[in-house]
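Student: The following comprises the amino acid sequence and a computationally predicted model.
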Amino acid sequence: MAARALSYTTAPKLTVNARAPKSSTAQAVRVAKRAAPMKSVSFLSGASTIAHKQSTLGKQTRQSLRVSATATADEETFKYQAEVSRLMDLIVNSLYSSKEIFLRELVSNASDALDKHRFDSLTSGKSADSLEIKIKADEEGKSLTIEDNGIGMTKSDLVDTLGTIANSGTSKFMEMLKEKGQDEGSNLIGQFGVGFYSAFLVADTVTVITKNEGDDTTWVWESSQGADGYTIKPSEESLERGTKIVLKLKEEAEEFGDNAKLETLVKTYSEFVNFPIKVWKVRQDPEQVLDEEATARAKEDAKKKAEEEGKEPEEVEDVMKTIFNTVEEYAVANDNKPLWVRSPREVEEAEYAEFFKMTFKEFMDPAAHSHFVAEGDIEFRSILYLPGMAPMDQQDFNAKSKNIKLFVKRVFISDDFGEDLMPRYLQFVKGVVDSSDLPLNVSREILQEGRVVRIMRKRLVRKSLDMMKAMAKEEDKSAYNTFFENFGRNIKVGVIEDQDNRKALASLLRFSTSQSGDTLASLDEYVARMKEDQKGIYFVSATSKEAAEKSPFIEGLVKRGLEVVYLTEPIDEIALTNLQEFDGKPLVDVSKDELELGTTDEEKKEAEETEEEYKVLTEWMKEVLGEQVEKVVVSQRLGDSPCILATSKFGWSANMERIMRAQAMGDNKAMEYMKGRKVMEINPSSPIIKALRAQAGPAASDMATSQVQLMFDTAMLTSGFIIENSSEFAERIFSMMNMTADASAEAPKEAPKDEESKGDEGSTESVTPEILSDDPWKK
């Protein structure tokens, strides 16, 4: 019987309302007796179907699926309609965000076909050796071929799967295995029945050549972009078993006619597929061959030389040359193995390091790794890594990270999840996550169910923090210190943003302190060293460790033997302010007003007496400074410095004010509101303060008043503030310099020699210097 092409077009299906009375539906039941409820959009065949469509719809040419329903006395029941051409257009152009996804989908289909054959071989005893996928591009012919030697399809399979949109053969196969109580299909990928149609993203025409091992005929299925149907016919090409898909590439998709491009896509999306994926490669292999001309010349030269010297010619070695042979062959592109599917007990440390380098294109070993299986509401396998060094672009903290690669059944889905799977502060963590039951959308690019994502995120964060804790507890602190040097700022951002894990993150912080020397100390170590009567953890902010060590705010604390934490990065103070306490101990900023140092009753009584003694001075200084300070008090924390400027308890510190001033988009109005009120603290043991005390009062000289303002300006600098009017500050400094130089005590000037020679033409006058007996600087 001669082969004949069968054309399949869309046709309506009719059904009836079973609840309608027999009298009103008898005729409709006879017409639609064999119709079944529509579960999918199907291309049906047969001349009788087409004739029925024409008689029902008349001259209507729109290609759509129509299912009418019969009517009861008061209501009619209708089924949805679908325009096939429009539906195909939506599938091709609206489901997928990138054209390159087509290769992932077609390779996944091929992998499922191989898995089905492997399962079939277990029950039938047939051979399942050498299962593979081959990909070859024809750049000149602008085509692409994807071939597998899997289970193949019969004619009915082509109609049921490729001819029926959203009808997944893989999904049905998995349901069949489930009914039989078998789990061999757990690696099958397909589930929606639309992945095949992604081929039209890049192809004008798609041709499928396939043969099932139980069918004697090789079939050809073909359809084109925008076509209303497809054709099926016996193939002139004979296959032993399997499926070959040939894509005629669109003009705008000719880049996929490059085998190197296809190899890159395979490594990106299908690197861990269970079967070898071979991509056609053309390479140049070097080969050493005899250079006959050069060898002949060398022998001739040796012969001439021997004749000139009257000797026998020496034996000349053959001269070789390098030629390059063009080798065309299939080469395996997915040679990296999915390490996460193995038990952690079976994997060596060197394998983890090699997998990290190959998967994430790193050249240094990771600092730590965590290989685990999560079970419960959702099951997934994962390997997480802490990198050995910080990335070059770490300064761009808001850049979207792509360090977590999501796989479904070893097929790469996406690494573009933003903060869905990892919070911003942990986006330096690299890893793979593989699950079989993630709620993905049809394009398999977006996680849909928020609850599942939250569960995954929570477990990934916990495992990441566990890695850091384990590293921090190692006896050799060098590894964790290196890690903290690279990613310490991320941990501090976590303290600010992640309230649920703030306590765990606080234990990972490291700082220099007044007692840690050249090493970094944890807050746990600080608490262990606290004095018995110490109530809080003291910290001071500065631009560097050296500046913190010389800060006037810590003079009294260091003399008392109290340890002070040095905050030297802009984010440090914000992090500790959000932390508020650690291990039940409040975090105390020593630059704030009303600092509690745990003084005894005797010390408090002595402080009250000193405050009373200096009451006249403090009130006078407040009057001189006016609104520049909230008040002037006697300090209990100063050692050598004459004064400092503390800030009110609930406002910005000097360090925070400086940071906020540097913000390019800062709000000046908000800044004025958040500024802390300044409190001037004076040191009663300072000679300068004692001298001012003697001059304080209504009768104080202008010199004394100027000294108070100069002390305020100087305290602004030493306390970390920025002087608003630097020119006035400079004028006060220069004025004091002039007075110390005793400008009024002018020395006698010697007349120039040329002036002396002029005689009466020029005259000089001697001036007796005035000696000031009342030197204000000695007061």
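Tutor: It's in.
Student: Just after the helix or strand encompassing L406, pick out the following helix or strand.
Tutor: Taking DSSP states H and E as the definition, one finds L406 inside strand 404-408. Next along the chain after strand 404-408, taking DSSP H and E as the criterion, comes strand 411-414.
Student: and that next one, how far out from the chain's middle?
Tutor: 16 Å (CA atoms, centre = their mean, to the nearest Å).
Student: So in that sheet, which strands flank the helix or strand just after it, and in what orientation?
Tutor: Sequence-wise, the next helix or strand downstream of strand 411-414 (DSSP H and E) is strand 430-435. In the sheet containing strand 430-435, its partner strands are strand 380-386 (antiparallel), strand 404-408 (parallel), by DSSP bridges.
Student: Please export the C-alpha coordinates of strand 430-435 as PDB.
Tutor: What follows is strand 430-435, C-alpha atoms only, in PDB (Å, rounded to 0.1, in the frame of the first residue of the first chain):
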ATOM      1  CA  LYS A 430      27.300  29.600  46.300                       C
ATOM      2  CA  GLY A 431      25.500  26.300  45.800                       C
ATOM      3  CA  VAL A 432      23.100  24.000  43.900                       C
ATOM      4  CA  VAL A 433      19.600  23.000  44.900                       C
ATOM      5  CA  ASP A 434      17.900  20.100  43.300                       C
ATOM      6  CA  SER A 435      14.300  19.000  43.900                       C
END
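Student: That strand: how far from the chain's middle?
Tutor: Taking CA atoms, centre = their mean, one finds the center of strand 430-435 at 14 Å from the center of the full chain.
Student: Run through who's touching that strand.
Tutor: Counting by CB atoms under 8 Å, 6 or more residues apart in numbering, strand 430-435 makes contact with 338, 340-341, 356, 359-360, 366, 378-385, 387, 403-410, 421, 456, 460, all of which sit outside it. The C-beta positions use only the backbone N, C-alpha and C, and glycine is treated the same way.
Student: Check the offset of the helix or strand that it is followed by from the chain's centre.
Tutor: Counting by DSSP H and E, the next helix or strand C-terminal to strand 430-435 is helix 450-472. Average the C-alpha atoms of helix 450-472, do the same for its chain, and the two points are 15 Å apart (CA atoms, centre = their mean).
Student: Could you pull up the mean pLDDT of helix 450-472?
Tutor: Helix 450-472 shows a mean pLDDT of 90.
Student: From the contacts of strand 430-435, list the buried ones, please.
Tutor: Neighbour counting over the contacts of strand 430-435 (16 or more other CB atoms under 10 Å) leaves 338, 340, 356, 359-360, 366, 378, 380-385, 387, 403-410, 421, 456, 460 as the buried ones.
Student: Who are the contact partners of the closest residue to L162 other than its chain neighbours?
Tutor: Using CB to CB, 6 or more residues apart in numbering and skipping the chain neighbours, the partner closest in space to L162 is W221 (5.6 Å). Shown in contact with W221 (CB under 8 Å, 6+ apart): L158, L162, G163, T207, V208, T210, Y230, T231, I232.
Student: same thing with V616?
Tutor: By CB under 8 Å, 6+ apart, the residues touching V616 are R693, A696, G697.
Student: go with 6 Å
Tutor: A696 (CB atoms under 6 Å, 6 or more residues apart in numbering).
Student: Quick check: buried residues in the helix or strand hosting it?
Tutor: When elements are assigned from DSSP H and E, V616 belongs to helix 615-625. Of the residues in helix 615-625, those buried under the neighbour-count criterion (16+ other CB under 10 Å) are L617, T618, W620, M621, K622, V624, L625.
Student: coming back round to it: worst mean pLDDT among the strands paired with strand 430-435?
Tutor: Of all the strands paired with strand 430-435, strand 404-408 carries the lowest average pLDDT, namely a mean of 88.
Student: angle of that strand against helix 450-472?
Tutor: With axes from the mean of the first three to the mean of the last three CA atoms, to 10 degrees as the basis, strand 404-408 and helix 450-472 are set at 130 degrees to each other.
Student: secondary structure class for D640?
Tutor: Judged by DSSP: H, G, I helix; E, B strand; the rest coil, the three-state class of D640 is coil.
Student: Tally up the residues packed near it, please.
Tutor: D640: 10 surrounding residues under other CB atoms under 10 Å.
Student: tell me the contacts of it?
Tutor: With contacts defined as CB under 6 Å, 6+ apart, D640 is in contact with no residue.
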